[in-house]
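Trainee: give me a model of this one.
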Amino acid sequence: MTVATQNGPAAIQIVRDTVTHHGASRDELIPILNDLNRHLGYLSGETLNEVSRLIGVSRSQLFGVASFYQMLSTKPMGEHVIQFCESAPCHVVGGRKLWQALYDELHLKAGETSADGKWSLVPVSCLGVCAVGPVLVIDDDMYGNVEPEQLSDILARYD
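Mentor: Here you go, the predicted model:
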């Protein structure tokens, strides 16, 4: 995915195809936005405008949904998105050390994307797998009981 696909006729066609696939209904709003986020990399203003027009939901409502759900983004994300659990259970079993290792390895702060567009670091309040903390999710892959020493090997899988 490149940012160029985010705007213009190709992106508008992806929006139209996605809405057609799910149906132009408010009930399908989250599946529509989720699919568009996955296909386009994030939900641009142009994307939200077209969804608004096609399903009759105001752009402000769409932005509210898009900014509420952690799985959606209204800004460009890296090729690989790392979700880092900041919950108390993960924190007490080594999450703080893992967070520092992530910073040392990637030189990214919470919410940042690397200059080369490879990584985005997204802190989340809970990933729902507290029993195996500290936890990282990279793209769709979950890693539990992560020790800082394992981080380089985990990240190397995404080269």
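Trainee: read off the pLDDT value for residue 85.
Mentor: pLDDT recorded at residue 85 is 88.
Trainee: repeat for residue 90
Mentor: 89.
Trainee: if we ignore the residues flanking it in sequence, what's nearest residue 58?
Mentor: Leaving aside its chain neighbours, residue 58 sits nearest to residue 52 (6.2 Å; criterion: CB to CB, 6 or more residues apart in numbering). Bear in mind the C-beta positions are built from the backbone N, C-alpha and C, glycine included.
Trainee: check contacts around the one you found.
Mentor: Residue 52 sits next to 58, 59, 62 when contact means CB atoms under 8 Å, 6 or more residues apart in numbering.
Trainee: so what does the first one look like in phi/psi?
Mentor: As for residue 58, its main-chain torsions (degrees, to the nearest 10) stand at phi -60, psi 150.
Trainee: using the three-state scheme, assign the residue nearest to residue 58.
Mentor: What DSSP: H, G, I helix; E, B strand; the rest coil gives for residue 52 is helix.
Trainee: state the pLDDT value of it.
Mentor: Taking residue 52 on its own, its pLDDT is 97.
Trainee: one step back: now the buried members of the contacts of residue 52.
Mentor: residue 62 (16 or more other CB atoms under 10 Å).
Trainee: ok, residue 33 - how many residues close by?
Mentor: Residue 33: 22 surrounding residues under other CB atoms under 10 Å.
Trainee: please report how far it lies from residue 99.
Mentor: Per CB to CB, to the nearest Å, residue 33 is found 29 Å from residue 99.
Trainee: can you list the low-confidence ranges for this protein?
Mentor: Along the chain, segments meeting pLDDT under 70 span 1-7.
Trainee: excluding its backbone neighbours, what's nearest the residue nearest the centre of the chain?
Mentor: Centrality entry for the chain: nearest residue to the mean C-alpha point is residue 71, 4.8 Å, by CA atoms, centre = their mean. Distances taken as CB to CB, 6+ apart put residue 34 closest to residue 71, at 6.3 Å, once the chain neighbours are dropped.
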